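**Q** need a 3D model of the sequence below.
(4 chains)
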Amino acid sequence: MPKFTLNGREVEFKQGETILQVAWREGVRIPVFCYHPHLPVFAGCRMCLVEVELRGRKGLLPSCATQVSEGMVVNTETEEVRKARRDQIEFLLLNHPLECPVCDAGGECDLQNLTFIYGPSESRYQFEKTEKEMVFAHPYLQLYPNRCILCNRCVSFYQEISANDDWGLFGRGHDMRVGPYRDKILESEFSGNMIEVCPLGAITGRDYRFKSRPWEHRVINSISPHDSIGVNVKVYARIGGKYSRGAVVSGGTRTDNHEILRVNMRPNYDVNDPWIDDRTRFIHSFVNSTDRITQPLVKKEGEFKESDWEEVYDTVVDKLKKIKDTYGADAVAALAGGRGSNESAYLFSKFVKEIVGSRNIDIRPPREDFTLGDPVFDVLDGSFSTATLRDLADAKNIVVFGTEIKETHPVVGLKLVSARKRGARIHYFGKWAGKAERRWATRIYIYNIYGEEEAALAILKHASETHGVPIPGLENLSLQDLLEKSGLSGIEEAISENTVFVFDDNLPYLVQKALARASVILNGKFLLLRNAPNGQGFIDMGVSPVIGKGGMREAVPGKSTYEIFEAAKKGEIKALLIYNVDPLTEFPARDEILDGVKNIDFIVVLDSFWNEITGYADVVIPLALHYEEEGSYTNTEGRVQWADRVIQPYGMSKEAWRVFSDLIERCTGEKAYKSVVEVTEEIVKNIEPYRGIKVPPGESFEEPYPDEIPSLKNIKVVYRYPLARYIASPKEVTFEYSSMEKREGRYVLVQSHHLYKTVYTLRSESAAPLIPYRVVEMHPDALKSEGLKDGDSAVLIGPRNQEYEVVVRSNGSIPENVIRVFAPYLDYGLNSLLDFKGFGRASVAQTVRR
Amino acid sequence: MKREFEKDTGVKTDIIELNMGPQHPSTHGVMRIILELDGEVIVKATPVIGYLHRGTEKIAENRAYYQVVPYTDRLDYLSPMSNELGYVMAVEKLLGVEVPLRAQYIRVILAELARIASHLVWLGSNANDIGAVTVFLYAFREREKIYDLLEAISGQRMNNAFLKIGGLAGDLPEGWIDGVRKFIKEFPEKLKDPDGLLTKNRIWRERTEGIGIIPRDLAIDLSLTGPPLRASGVERDLRKDTPYLVYDELEFDIPVETAGDVYARYLVRMEEMRQSVRIIEQAIEKLPGGPVLIDDYKIVPPPKDKVYRDIPELIHHFKLISEGFHPPEGEVYFAVEAPKGELGYYIVSDGSNKPYRLRIRPPSFVNLQALEYILPGHLIADAVAIIGSLDPVFGEVDR
Amino acid sequence: MIGPLIKGLTITFKYIFKKKFTVQYPEERRELPPRAKWLHILQRHEDGKERCVACMLCASACPTEAIYIVGEENDLENPISHGERYAKVWDLDLGRCMFCGYCVEACPEEALAMTDEYELAVPTRKDLVLHKEDLLVEPGTPPVKTWLGFYRKEPIGAMPVTRPMEVHVEYEEYLKRRGPREAHE
Amino acid sequence: MIRLEKKGRNPFIVYGEEKSIEEQLRRNILLTTVDAMLKWSRRNSLWPLPLGLACCAIEMMGAFFARYDMARFGFEVFRFSPRQADLMIVAGTVTRKMAPIVKRLYDQMSEPKWVIAMGACAMAGGPYNSYAVVQGVDNLIPVDVYVPGCPPRPESLIYGIMKLREKIKQEREAKIL
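**A** Numbers count the residues shown, from 1 in each chain, chains lettered A, B, ... in the order given. Have a look, this model is predicted:
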């Protein structure tokens, strides 16, 4: 290994390392402002100047941008270097306003800390300071160009990492400033990261504004509840409890605040690097929503009566027992939303499958073709992704199929951007493509609205033809036919060896199965993006009609969501347990589901929020939310991550695992689980892929970033969480293809997702400015032909003349005959226009202007 | 006595265990002594302490360096200024800073005023225990005058929180020096009242002379400190032995007695008050002008008018208040001659803004050990006099 | 016998004719020195706006954690303090406070001061917690110059606060441009 | 130096509410007079048990000595025996080790009895939010008046005792045992 001299000491280095990297690794503190270990080097702040002597020449060089070479003599603490640092800080402070007391960053500000350690303690500047106006760049961001030291970190992040272009550095000299280019809301869904990369308070977040100071924080490691990527976060709450700060109640005694102040990133290079999406960062006020259920309730004579836990447990157990005795265990069904921890899911599945004895348990939206089973399970003998997020960044060829990554799993977008930067070919197949897809896609394939299955089959057919693997059931179809039906061409380029497929589990059965099979043929991998936040965990725990505990196939499959409601309509289902899901507003085919729900005698709703289904419940059990319970979560790639509890459960609500554990105790008389860790241990023992996994906590390692730079302190400790060990055994499967029937009508209603329209954001006050409330999107031409303008309110008329009040927005990227609607449907009942059959596709007669 | 009685009468008697305290007027706080009595004579005395253990040392580990000062006030609450002085100077030693000369002189004045105030409480309560109630009134009258002086300078009568790491929280208010002058002029006169009442008083002498003798060797063995040590004939005073502040520039004597009894301790403390007056007199004469706070803004917050005007100063103010300074890694021991004796602070710094460990060496705690050795053989009534003469303060003993 | 008695009585008579040392407290309230550190007050600017901007330095300086503050953004139309933030909650817990004055020293806005109000006895423990309403002075109250800001030379009235209205961004100006909805609609 | 005006009504005064006729009859003239006399004598000769535990004890002593001379109000000498006292002044930090003794002393006092918690430590644990300190003496015994300060001035204590006198005056019926 080559060596150089650092502060009089021989130090080894690897070729290509910079002085700064080696120095930090060796424990030598060099201050920085513009350097950020995850951003490209800018070398603009000149804080990291060190004295370098090479071949007799001596000078100050920026250590962040200077590569070490053999025989270099580097000194970081000479008088000259110290003077350079002091003067540099003095320059930075010249125009800095006197705003520390009102600035949000006070206390966690690089400028403050480095001034305190290296800077001058007296000012020599006697003149007026420059004035720059404050800018509102985003509902959650505020920019104070006055405080900015032009370190370029935010611009580097915004342009290089999130690959957007509406934020930058402009102006010259005295007037130079960062900011948004246009007077418009920022496009990126990662804009919040700029708050964290900003070394001082020039960019601050509006959710956290002025509430607290860093020294009052309690920082808890958690996992994002918003999507199945399981983004690692640090949650900040005010310190509470007996011996600490918190609101004073009476002389000397204090309480917990029950408020999450903010959510920041926690680096995990396997999952999210150090970046998180805005939804994860800013949407956390749902824990204090007014919609929260505070108390267990029992319906008596048609009205909810406030109840206690004893009564609720007694009612549930008695009723279930009675129904089981009279109608058999199959008269009981259970639905879950996939939003709880693995522990809750495990006990839920245990309660339903082992204690009650019913196999009718499911977490997925109802779909007719789902009755066939789990598509990935049918191909691989297990339901899981074969690729990890890390594979995505390293892949040469990626096919993203039918998934709006930006709206559902934004962090995957960052991986795709970095993959493209490394030269990967990324092919996007979709019904339409927006600006978000163009950020990372190298080629975009748009298929017909009704041609989704054909497009997937075409990929499979092409793969099978090039590799000479026959696919039973597809012999009669020609590739040409499939391409014609789907409206695609030139897909050959997309399909090559080792392609990584990315698709979500809401796609039709046939699509998922075809892509999984294609990836097997191509020796590639696929990343199955679960739509439920802990969908993978729930399926692993056996919350599925076809997959039993530990990933084994159930001998006799139970009923899927669709079948449960079909059976309910026929009166075969007598009791329904609904855990954290509202079928009436989250699923399509509202009318059909409602028919079923009305037919069920006994409905137990376990949820955190009031919603439509609670109105039909006989027993309502309040559950703690994500940040209120601790437990493990499995992300979409099978990584088992641990989240700690941040705040105490709201009102009388209890953690779900505790409720199920109590119920199990009532039924069996065995002792309940004392802590969540006991359940985790049982999972690790019983579930095969989880065997030997160590939770909590994950292993961690510390990056050598110096403590005095608060904006790097956050990314210092990195946790590693283990992957579940799934075993894939691919099989030959038969495909049964029948083309989808087209519907009559002028417009096609297509179910889509929006980043800020989820169960949590709709309950979150802070999300209000971004929620597309009652919004449907249409093509501008279609709008024009209806005589509507962008932002008009209109009435949407269904095939049976149902009327829905909506706000129309124009979207140029969707086809003309499409109306894009956003799930869940808490704000409008549009899901009654969507039915089981054409899941996500239904016809509408016309729109009429109001 | 017991044996004689048994021999004389043939009646068997037993040792009585008497529990004195923790709520007792003459234990000077919350001390409990388990006395084993043979008749009226103490056979064995076991002091039980800990009734005022407040966890000061542990609390200090969770406070920035400057925030510990008010807690040190509450150790020996009879002389808060001396406690502050010891802590503040220990931290200054750790930081390697020297406070301006004016601050040093003012610190000397304050420390000596604290010594007088502390000895006055001892005088009053010890005399009260032995039976001379009037002295208590005299003592507290004088103490009130010191309170007035301290209140004028710091805003609080007790627990002043006035000394800062790096100097003082403020310069002297107008007319304060005149107040001190007036006090030290009057005080020796006023001290003559209790002096006249006690020193040659036969009852007082009989109650104190030959009572509670601590021999010189025992005093050294127990590492006693302060007046009890000096009353046993050991001339040791940190102000002379390891001079700090400006004590080496001031002339004063160390009163020493050899008898080692309660009376000797009384004499030593009375003389110490007079010597303190002498020190204050000289300090006032020599008091120089200049600042009372060092101007290193990495340690003390900058002046407020600069804080309002300039950003580097504002940042330093913000950081010093919210976080405090980070002294270098290392450990330091510093002791001052508090009214009760050697008050030492041992600080371990790990380079963070909070002490890694703060150990307080309280003189009262050390002096209190003597009880076990000197009480046996005395009558119960003498126990009261002996405890009073050791002058324990339990805020300091239990910490 | 008679000698010591006379000697003792002389002292008694000596004190009879001296000035009384006792303060007749409830009737006669002794003037405290200007540095007295008793109950806190929250001061106002000359224009009636609150001085406190919820920077929380006092809370962090407090060794006993007696101060609890929640900051909040100023209302757009009528701001409560100068600057963008104000204290929505400012609680002082007398059950913890030891009147050391470190909070006053910490205050960068001269918002906090200590008065000579020491008559603080209350009947219940709940009353020990003083809220912002209890501590805030009436508008127009003359400012108290705190000695703990002793190092300050200028008189308080002429002093700019940390974010003065005249020097930096025209405050009222940018208040008008505020509002996230405005920004993107 | 400005002084704060006390806002709102005096928290010590318990305002009487409308009474029923029976109630008023029960409190007939004779009894009311005896009552008033009892209360008058009680509030003017409170004999305190000084539970001086720490720093506040010194200020409590200060209040009883020449400068402030509480004997002016009939609060005569300290009674170190609980049997002879009817007012307990808890002055100082009550630690966990001391707590049972405080409780026992209170129990030994004869009725009627009152308690003043003097200083932050006795009121609520004060600066000592630690493992060793009882967070407020009201966890052990009922407290009538809290006197803030660390330590409170002698005047503050006297003010507190004045408030206690008001409270005794306002008490509905004198307690006779």
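
**Q** give me the phi and psi angles of the residue of chain C found nearest chain D.
**A** Across chain C, no residue is closer to chain D than C:G95, which sits at 2.8 Å (C-beta to the nearest C-beta). Just so you know, the C-beta spots here come from the backbone N, C-alpha and C atoms, and that holds for glycine as well. Here the main-chain torsion angles of C:G95 (degrees, to the nearest 10) amount to phi -70, psi -10.

**Q** surely it meets D:A122?
**A** No: at 9.8 Å, C:G95 and D:A122 do not qualify as touching, with contact defined as C-beta atoms under 8 Å.

**Q** returning to what we had before: neighbours of the residue of chain C closest to chain D, how many?
**A** C:G95 has 29 neighbours, counted by other C-beta atoms under 10 Å in any protein chain shown.

**Q** which parts of chain D are strands?
**A** All strands of chain D, identified by DSSP state E, fall at D:48-52, D:87-91, D:114-118, D:145-147.

**Q** just the angle between the second one and strand D:48-52, please?
**A** Spelled out, that is strand D:87-91. With axes from the mean of the first three to the mean of the last three C-alpha atoms, to 10 degrees defining the directions, strand D:87-91 sits at 20 degrees from strand D:48-52.

**Q** now for the strands of chain D, which one comes closest to chain B?
**A** Chain B sits nearest to strand D:48-52 of all the strands of chain D, at 6.8 Å, using C-beta to the nearest C-beta.

**Q** the closest one packs against which elements?
**A** Helices and strands touching strand D:48-52, by 3 or more C-beta pairs under 8 Å, 6 or more residues apart in numbering or on different chains; DSSP states H and E, are helix D:55-64, strand D:87-91, helix D:99-108.

**Q** do the shortest one and chain B meet?
**A** Right, strand D:87-91. No: Strand D:87-91 is not in contact with chain B by C-beta under 8 Å from any C-beta of the partner chain; minimum separation 10.8 Å.

**Q** check whether that strand comes near chain A.
**A** No: using C-beta under 8 Å from any C-beta as the criterion, no contacts between strand D:87-91 and chain A are found, and the smallest distance is 14.2 Å.

**Q** and that strand, how far out from the chain middle?
**A** Averaging C-alpha positions (C-alpha atoms, centre = their mean, to the nearest Å) puts strand D:87-91 7 Å from its chain's average.

**Q** how far off helix D:55-64 does it point, in degrees?
**A** Compare the direction of strand D:87-91 with that of helix D:55-64 by the same axes, to 10 degrees and you get 130 degrees.

**Q** give me the contact list for strand D:87-91.
**A** Contacting residues not belonging to strand D:87-91 are listed as D:46-54, D:56-57, D:59-60, D:75, D:82, D:102, D:105-106, D:109, D:113-119, D:122, D:137, D:141, D:143, D:151, D:157, D:161, D:164 [C-beta atoms under 8 Å, 6 or more residues apart in numbering or on different chains].

**Q** now those residues: which count as buried?
**A** Neighbour-count burial (16 or more other C-beta atoms under 10 Å in any protein chain shown) applied to these gives D:46, D:48-54, D:56-57, D:59-60, D:75, D:82, D:102, D:105-106, D:109, D:113-119, D:122, D:137, D:141, D:143, D:151, D:157, D:161, D:164.

**Q** residue boundaries of the strands in the stretch 1-150 of chain A?
**A** Here the stretch 1-150 of chain A has its strands, by DSSP state E, counting those that start in this stretch, at A:3-6, A:9-12, A:49-54, A:57-62, A:73-75, A:135-138, A:141-143.

**Q** next SSE after the strand or helix carrying B:I315?
**A** Applying DSSP states H and E as the criterion places B:I315 in helix B:311-322. Next helix or strand after helix B:311-322 toward the C-terminus (DSSP H and E): strand B:330-338.

**Q** does chain D sit close to that following strand?
**A** No: with C-beta under 8 Å from any C-beta as the criterion, chain D is not reached by strand B:330-338; the gap is at least 15.7 Å.

**Q** let me know the average pLDDT across stretch A:412-420.
**A** Averaging pLDDT along stretch A:412-420 gives 90.

**Q** nope, stretch B:238-245 is what I was after
**A** Model confidence over stretch B:238-245 averages 87 on the pLDDT scale.

**Q** can you list contacts of that stretch?
**A** Residues lying outside stretch B:238-245 but in contact with it, judged by C-beta under 8 Å, 6+ apart, are B:89, B:104-105, B:107-108, B:111, B:247, B:252, B:254, B:334-337, B:342.

**Q** kindly report the same for stretch A:491-498.
**A** Judged by C-beta under 8 Å, 6+ apart, the contacts made with stretch A:491-498 from elsewhere in the structure are A:395-397, A:399, A:425, A:427, A:429, A:443, A:445, A:458-459, A:462-463, A:466, A:483, A:518, A:522-525.

**Q** mind checking how far A:I797 is from C:K126?
**A** Between A:I797 and C:K126 the distance is 60 Å, computed by C-beta to C-beta, to the nearest Å.

**Q** show me which residues of chain A sit near chain D.
**A** Neighbours of chain D within chain A, by C-beta under 8 Å from any C-beta: A:243, A:250-253.

**Q** least confident of those?
**A** Going through those one by one, the lowest pLDDT turns up at A:Y243, 53.

**Q** so what's the nearest residue to B:E271 once chain neighbours are set aside up against?
**A** What sits nearest to B:E271 in space, not counting adjacent residues and going by C-beta to C-beta, 6 or more residues apart in numbering or on different chains, is B:P255, at 3.6 Å. Residues in contact with B:P255 (C-beta under 8 Å, 6+ apart) are B:230, B:267-268, B:271-272, B:275.

**Q** isn't there a strand covering B:P255?
**A** No: under DSSP: H, G, I helix; E, B strand; the rest coil, B:P255 sits outside any strand and is assigned coil.

**Q** tell me the pLDDT of it.
**A** As predicted, B:P255 sits at a pLDDT of 89.

**Q** quick one: average pLDDT of stretch A:6-19?
**A** Regarding stretch A:6-19, the rounded mean pLDDT is 88.

**Q** now it, how far from the centre of its chain.
**A** Its chain's average C-alpha position is 40 Å from that of stretch A:6-19, according to C-alpha atoms, centre = their mean.

**Q** quick one: end-to-end distance for it.
**A** Looking at stretch A:6-19, the gap from its leading to its trailing residue is 9 Å under the measure C-alpha to C-alpha, to the nearest Å.

**Q** list residues touching both of C:G95 and D:A122?
**A** Common contact partners of C:G95 and D:A122 (C-beta under 8 Å, 6+ apart): D:G136.

**Q** of all the contacts of B:P255, which two lie farthest apart?
**A** Distances among the contacts of B:P255 were taken as C-beta to C-beta; the most separated pair is B:L267 and B:Q275, at 12.3 Å.

**Q** tell me which parts of the stretch 201-350 of chain A are close to chain C?
**A** Proximity of the stretch 201-350 of chain A to chain C (C-beta under 8 Å from any C-beta) is limited to residues A:206, A:209-213, A:215-216, A:244-252, A:254.

**Q** isn't A:V312 up against A:D618?
**A** No: contact status for A:V312 versus A:D618: not in contact, 10.5 Å apart, counting by C-beta under 8 Å.

**Q** between the two, which contacts overlap?
**A** Shared contacts of A:V312 and A:D618, defined by C-beta under 8 Å, 6+ apart, are found at A:V298.

**Q** please, which helix or strand holds the residue in the stretch 451-600 of chain A positioned nearest to chain C?
**A** Minimum separation of the stretch 451-600 of chain A from chain C (C-beta to the nearest C-beta) falls at A:T585, amounting to 25.9 Å. Assigning secondary structure by DSSP H and E places A:T585 in helix A:583-586.
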